[in-house]
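**Student:** could you look at this predicted model? Sequence included:
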Amino acid sequence: MARTRRLVLVVALLMAALVVLLVAGLAIGSRLIPTGTVMDALTNFDPGSDDQLVIRFSRLPRTLIGVLAGAALGLAGVLTQSLTRNALAEPGTLGVNAGAAVGVIIGLIATGGASIMVYVWFAFAGAALTSVLVHRLGRTGRSGVDPARLVLAGAALSIVLSALTRALILSADATVYESFRSWATGSLQGRGWESLPVVGTCLVVGLLISLALAGPLDSVSLGTDMATSLGVNIRLTWTLANAAIVVLAGGATAACGPIAFIGLASPHIARAVSGPNHRLLLPVSALLAAVLLLLADVIGRIVVFPGEIGAGVMTALIGSPFFIHLVRRGRVVGI
């Protein structure tokens, strides 16, 4: 009963924080916009107002993409940690970020530095192909999957793909290099309405798969042998979960660039609140991840105002010391 009350309280606080950060994301930028103008831009749009134009066509899509991408990374993090039974795992462990990076640089070279709506599909394809290869390398003849082999395969492929990315960058022209550098910083800056359907679709598809796998994932977290004895189809569960990770993390990474810490910390912190039940863990982690990414984005606009620091950089700067503190205090929650 106490856990339920705590869960309700935490969810309520996260929802309130999300609303505050949504407003802050629309009001704070290279120039501050009054809250009244923000509300007018949402409810009574005036195309003759420069501030309202900035909100409608720059800050609003950027903020919404931050919410959707954060939620997607939070869900992908839960799936990754559950599959590997490793509380320190993240989507990048399976090579998603490295595969997306190769896809982005190939897309930029092939299209001559096209917009995100073009190279996002290259990034998504790179993440998907990498995940499929990692899954194949991590399979065993008996159970079909092995968490240790999966992590090792992901780490090995990430190293190879990172080297390939560097080689491709060296052969690219200045325009391609600048476009890739903008993506690689993991920033929400410049993300417009054209990216929203991509991230939104990935989130919906990944969420549906994740919720459908909530029961089997509870069993898989107990170990492969235990899950098999409980009647779980291990190979099918792993295949669908990996597909969801590709859709969620691949879509978010393709649209925003590599975002550190979110997929690692949000499932871990959410597990301390909701417990191991994936029906609760998945939505709580998604909500927490959305709040964390928006918080990092807003702080990044404040610390060097009127400039800004990318959300990916801020999540690493803010999150890493906090997570190290949790580890040193012995509060790491096991799978």
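**Tutor:** Yep, that arrived.
**Student:** quick one: Arg149 from Ala290, how far?
**Tutor:** 32 Å (Cβ to Cβ, to the nearest Å). Where you see a C-beta, it was placed from the backbone N, CA and C, and this is true even at glycine.
**Student:** just give me the residue right at the centre of this structure.
**Tutor:** Nearest to the mean C-alpha position of the chain, counting by Cα atoms, centre = their mean, stands Leu73 at 2.5 Å.
**Student:** so that residue sits right up against Ile259, yeah?
**Tutor:** Yes - under the criterion of Cβ atoms under 8 Å, Leu73 lies in contact with Ile259, with a separation of 6.1 Å.
**Student:** any residues in contact with both of those two?
**Tutor:** Any residue near both Leu73 and Ile259 by Cβ atoms under 8 Å, 6 or more residues apart in numbering counts here, and that gives Ala252, Leu293.
**Student:** give me the neighbour count for the closest residue to Trp193 other than its chain neighbours.
**Tutor:** Beyond its immediate neighbours in the sequence, the residue positioned closest to Trp193 (Cβ to Cβ, 6 or more residues apart in numbering) is Pro61, lying 4.6 Å away. Look at Pro61: counted by other Cβ atoms under 10 Å, it has 18 neighbours.
**Student:** next one, pLDDT for Pro61 please.
**Tutor:** What the model reports for Pro61 is a pLDDT of 93.
**Student:** what does Val332 give?
**Tutor:** pLDDT recorded at Val332 is 51.
**Student:** does Ala290 touch Gly70 like I think?
**Tutor:** Yes - taking Cβ under 8 Å as the definition, Ala290 is a contact partner of Gly70 at 3.9 Å.
**Student:** per-residue pLDDT, the residue nearest to the centre of the chain?
**Tutor:** Leu73 carries a pLDDT value of 94.
**Student:** also Val298?
**Tutor:** Here the pLDDT value assigned to Val298 is 93.
**Student:** about what we covered before: higher neighbour count, Ala290 and Gly70?
**Tutor:** Gly70 (34 against 27).
**Student:** which of the helices or strands spans the more buried one?
**Tutor:** Element membership for Gly70 (DSSP states H and E) is helix 60-84.
**Student:** Ser158 too?
**Tutor:** Ser158 is part of helix 147-170 when elements are defined by DSSP H and E.
**Student:** packing partners of that helix?
**Tutor:** helix 60-84, helix 96-111, helix 116-137, helix 174-184 (3 or more Cβ pairs under 8 Å, 6 or more residues apart in numbering; DSSP states H and E).
**Student:** give me the buried positions along it.
**Tutor:** Pro147, Leu150, Val151, Ala153, Gly154, Leu157, Ser158, Leu161, Thr165, Leu168, Ile169 (16 or more other Cβ atoms under 10 Å).
**Student:** farthest pair within the residues you listed?
**Tutor:** Of all pairs drawn from the buried residues of helix 147-170, the one with the largest separation by Cβ to Cβ is Pro147 and Ile169; the distance is 32.6 Å.
**Student:** what sits closest to Ala17 if chain neighbours are left out?
**Tutor:** Residue nearest to Ala17 in three dimensions, not counting chain neighbours: Val291, with 5.2 Å by Cβ to Cβ, 6+ apart.
**Student:** residue contacts, the one you found?
**Tutor:** Each residue near Val291 by Cβ under 8 Å, 6+ apart is listed here: Leu14, Ala17, Leu18, Leu21, Gly70.
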